[in-house]
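Q: What follows is a predicted protein model with its sequence.
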Amino acid sequence: MRGHIVTAVVMLGVSGCGMGPEWTAPPGNVMTNQPPLFQPAVVYANPTFVPGGDSQSFWETLVDVVRNYFPIEREEPLRMIGNMPTEGKLTTAAQVSPTFFEPWRHDTGDDDGRLENTLQTIRRYAVVRVVPAPTQGGYWVEFTVHKELEDNVRPDHATAGAATLRYDSTLTGIVNPVTGDETTVGWIDKGRDTALEQAMIDHLLSRCAPAGGSLPGRLPGT
């Protein structure tokens, strides 16, 4: 019986891969042949230097890369005020992170994170800061991916105490305490997803690397 279940899960995962867009998996992604729960080494400095010329073209490339991972919520593009270039900032919307059954999504950096997403509700969002470096012919880009755990009064679909009013916490405003959906108290900060930050940096550098050249920004010894 277990063999049939495993076969069904594997076939579901394989069929799911065909649903998503064409993609070249970044290092550490579950779609590579790396072993399960593999944590990729830190290859790039963060912030990292990215070569680039025209600020508008560079910003459009950055936006295109980030959209592969998160929906963008707010943009503060690079601008020229007189002869002075200003910093740019890009903030994405928070979204619930993918499980092992969503291999076409890329907003988690490694298998360890996907396992965590599968077992509990995790969401992520990214903040990207861009500092012009005209004398160096490019930009310093910092990727910060925040990870948060959903804070519920009790686990979803729990039956204990579901049919009675609880007095051990403040009221949450549920209209129907029996059939109403559980409200989210908030989100608990779980730190940064450095694996996804590395994947996004690698993706951006691969778009900005000179033709036939190697990726810049690598740390010594990697």
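A: All right, it came through fine. Numbers count the residues shown, from 1 in each chain.
Q: thinking Glu75 is in contact with Val63, fair?
A: Yes. Glu75 lies in contact with Val63 (CB atoms under 8 Å); the separation is 7.1 Å. Backbone N, C-alpha and C define where each C-beta goes, glycine included.
Q: For the two, list the residues in contact with both.
A: Residues touching both Glu75 and Val63 by CB atoms under 8 Å, 6 or more residues apart in numbering: Leu90.
Q: can you give me the helices in this structure?
A: 2-17, 55-66, 111-119, 194-208 (DSSP state H).
Q: So which other helices or strands are in contact with the strand ranked longest in the chain?
A: Secondary structure of the chain per DSSP state E: the longest strand is strand 138-152. Judged by 3 or more CB pairs under 8 Å, 6 or more residues apart in numbering; DSSP states H and E, strand 138-152 is in contact with strand 48-51, strand 122-133, strand 184-192, helix 194-208.
Q: Next, the angle helix 111-119 makes with it.
A: On the basis of axes from the mean of the first three to the mean of the last three CA atoms, to 10 degrees, strand 138-152 is oriented at 30 degrees to helix 111-119.
Q: So, low pLDDT: which residues of this protein?
A: 1-42, 153-185, 210-222 (pLDDT under 70).
Q: Recalculate using a threshold of 90.
A: Low-confidence segments of the chain, defined by pLDDT under 90, are located at 1-45, 51-56, 78-86, 98-100, 102-121, 134-137, 150-187, 206-222.
Q: For Thr61, which non-adjacent residue is spatially closest?
A: Leaving out its chain neighbours, the residue that sits closest to Thr61 by CB to CB, 6 or more residues apart in numbering is Arg207, at 5.4 Å.
Q: before we move on, what about Asp110?
A: Ala195 (4.3 Å).
Q: of all the helices and strands packed on strand 138-152, which lies closest to Trp104?
A: helix 194-208 (15.1 Å; CB to CB).
Q: With Thr91 as the reference, name the closest of the helices and strands packed on strand 138-152.
A: strand 122-133 (5.3 Å).
Q: Taking their axis directions, that closest one and helix 55-66 sit at what angle?
A: With the same axes, to 10 degrees applied, the angle from strand 122-133 to helix 55-66 works out at 160 degrees.
Q: what are the pairing partners of strand 122-133, and which direction each?
A: Strand 122-133 pairs in its sheet with strand 88-92 (antiparallel), strand 95-96 (antiparallel), strand 138-152 (antiparallel), by DSSP bridges.
Q: what residues does the shortest one touch?
A: Which is strand 95-96. Counting by CB under 8 Å, 6+ apart, Phe70, Pro71, Asp107, Thr121, Ile122, Arg123, Arg124, Tyr125 sit against strand 95-96.
Q: Tell me which two in these are the farthest apart.
A: Most distant of those, by CB to CB, are Pro71 and Thr121, 18.1 Å apart.
Q: Those two - which one has more neighbours?
A: Thr121 (15 against 12; other CB atoms under 10 Å).
Q: Confirm for me that Ile201 is in contact with Val141.
A: Yes. Using CB under 8 Å as the test, Ile201 is close enough to Val141 to be in contact (7.5 Å).
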